[in-house]
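Enquirer: Structure, please.
(chains A and B)
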Amino acid sequence: MYTQAMDTMPKELGDAPKAVRSAEEVELQRRFDARIDAGDFIEAKDWMPENYRKTLLRQISQHAHSEIVGMLPEGNWISRAPTLKRKAILLAKVQDEGGHGLYLYAAAETLGTSRDQMIDALHSGKAKYSSIFNYPTLTWADVGTIGWLVDGAAIMNQVPICRCSYAPYARAMIRVCREESFHQRQGYDSLLVMMQGGTDAQRAMVQDAVNRWWWPCLMMFGPPDDQSPNSAQGMRWGIKRVSNDTLRQKFVDATVEQAKVLGVTLPDPDLKWNEERQHWDFGAIDWPEFFRVVAGDGPCNQERLAERVQAWDDGAWVREAALAHSRKQATKQAAA
Amino acid sequence: MTDPNTRTEWPLWEVFVRSRAGLDHKHCGSLHAADAAMAIQLARDVYTRRLEGSSVWVVPSAAITASDPGDKGMFFDPAEDKVYRHPTFYKLPPEVDHM
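Expert: Numbers count the residues shown, from 1 in each chain, chains lettered A, B, ... in the order given. Here you go, the predicted model:
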């Protein structure tokens, strides 16, 4: 989901530099390319092309923002979870998302930008986060559907990033993926309970949630390959490993069977098995909607950002007090 | 580390976790915290939510001195041609090869 950053940024940012300055730099670039070709990992202190750094910083920080903003739609349901068990599970999941944001911010900081700068960029609207979190969670079934479909799509997108050429990002991703599998399973499990042991109204609620989330989930993989201008450079750098359309197809193929077991239909009349391709064909995606939501005009963009900014502002006194306390302790220690 | 009196951002700490008794502490990531006690608390929440640890160390990132990646070749090469430091260098008769 989170590689949308690379897909929606201006082409020139992702381009390799045209004019390389000195002979020394040419040699550094040559060695860097050779390491990428050999499948080596790049570490924070290693030389890297400026655009590689910029692209990664943009992608990792936006990935981090997505994790943090992603806590909001589900956090909305913590106090209204139907049982204590579901509440405990949801709390653990939302806490995980916060943790994932922290792993990713730490990885992005190794590229030379401070946490506060990244948070500023989010709060001022300069940085983006995944389009999916700008849709509302209207019923309890949305929480299960997010686990099943949104986290399912996220996992499919994130697994290839575990092999990203930038090692701090890859390491963070391995940790995230290890934890994320529970997120998808708990969502499916919660929907299964409603479908198999629930009332007709509850089953209808699940179907309604699936109907609303299906298409936005397919958009999470980013624009089609032929409209994804930075993909080639991302692949060359080993930042992106698998194309948007390939991942999207993989997600559809995996989900069709899961929907059948669950007993829901996917809201696409064009969904049918293609014997020749050995894949499921699916209908046209509403790309104008995707670009509208990315640009800020989704159902919840303003609400999400406002909530983040307020949480940050409300916490200012805590951050300041903690620093003041540590200063006081340090002074005391120095005097003793 | 920036001067603690002018800093507005919590400083960065490196986190090391011992997964269970008998093993080494292993670097697992970093986090921001106002002081060491808070860093330990936050490390528990960020890095050991699934029983990944039985002990945690935190170190101010600024206190770490690292080898220069630019000198990697020069720095580590001397160990490259010393095959006689490995047991496999010595071919012994089969009867005693398991010593």
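Enquirer: How about stretch B:20-39 and chain A, any contact?
Expert: Yes: on the criterion Cβ under 8 Å from any Cβ of the partner chain, stretch B:20-39 is in touch with chain A at B:29-32, B:34-35, B:38. Any C-beta I mention is one placed from the backbone N, CA and C, and that applies to glycine too.
Enquirer: and B:Ser67, what pLDDT?
Expert: The score at B:Ser67 is 89. That number is its pLDDT.
Enquirer: close enough to count as contact, A:Gln158 and A:Arg175?
Expert: No: using Cβ atoms under 8 Å, A:Gln158 is not in contact with A:Arg175; the gap is 10.7 Å.
Enquirer: ok, these two, which is more surrounded?
Expert: Between A:Gln158 and A:Arg175, counted using other Cβ atoms under 10 Å in any protein chain shown, the more crowded position is A:Gln158 (22 against 18).
Enquirer: Which elements pack onto the one helix or strand that one maps to?
Expert: Using DSSP states H and E, the element containing A:Gln158 is helix A:151-158. Counting contacts by 3 or more Cβ pairs under 8 Å, 6 or more residues apart in numbering or on different chains; DSSP states H and E, helix A:151-158 packs against helix A:167-197, helix A:200-219, helix A:244-262.
Enquirer: I'd like a version of the ones you listed in JSON lines, one that adds mean pLDDT as further columns.
Expert: Shown next, in JSON lines, are these (pLDDT from 0 to 100):
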{"stretch": "helix A:167-197", "mean pLDDT": "96"}
{"stretch": "helix A:200-219", "mean pLDDT": "98"}
{"stretch": "helix A:244-262", "mean pLDDT": "97"}
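Enquirer: for those helices, which one sits closest to chain B?
Expert: Distance to chain B, taken as Cβ to the nearest Cβ, is lowest for helix A:167-197 among the helices and strands packed on helix A:151-158, at 7.5 Å.
Enquirer: quick one, the closest one and helix A:200-219 angle?
Expert: Taking axes from the mean of the first three to the mean of the last three Cα atoms, to 10 degrees, one finds helix A:167-197 and helix A:200-219 inclined to each other by 150 degrees.
Enquirer: Tell me the residues of the stretch 101-250 of chain A that contact chain B?
Expert: Near chain B, when you scan the stretch 101-250 of chain A using Cβ under 8 Å from any Cβ, you find A:102-103, A:106, A:109, A:114-116, A:171-172, A:175, A:179.
Enquirer: So which of the residues of stretch B:20-39 next to chain A are in strands?
Expert: Using DSSP state E, B:29-32 are the members of the residues of stretch B:20-39 next to chain A that sit in strands.
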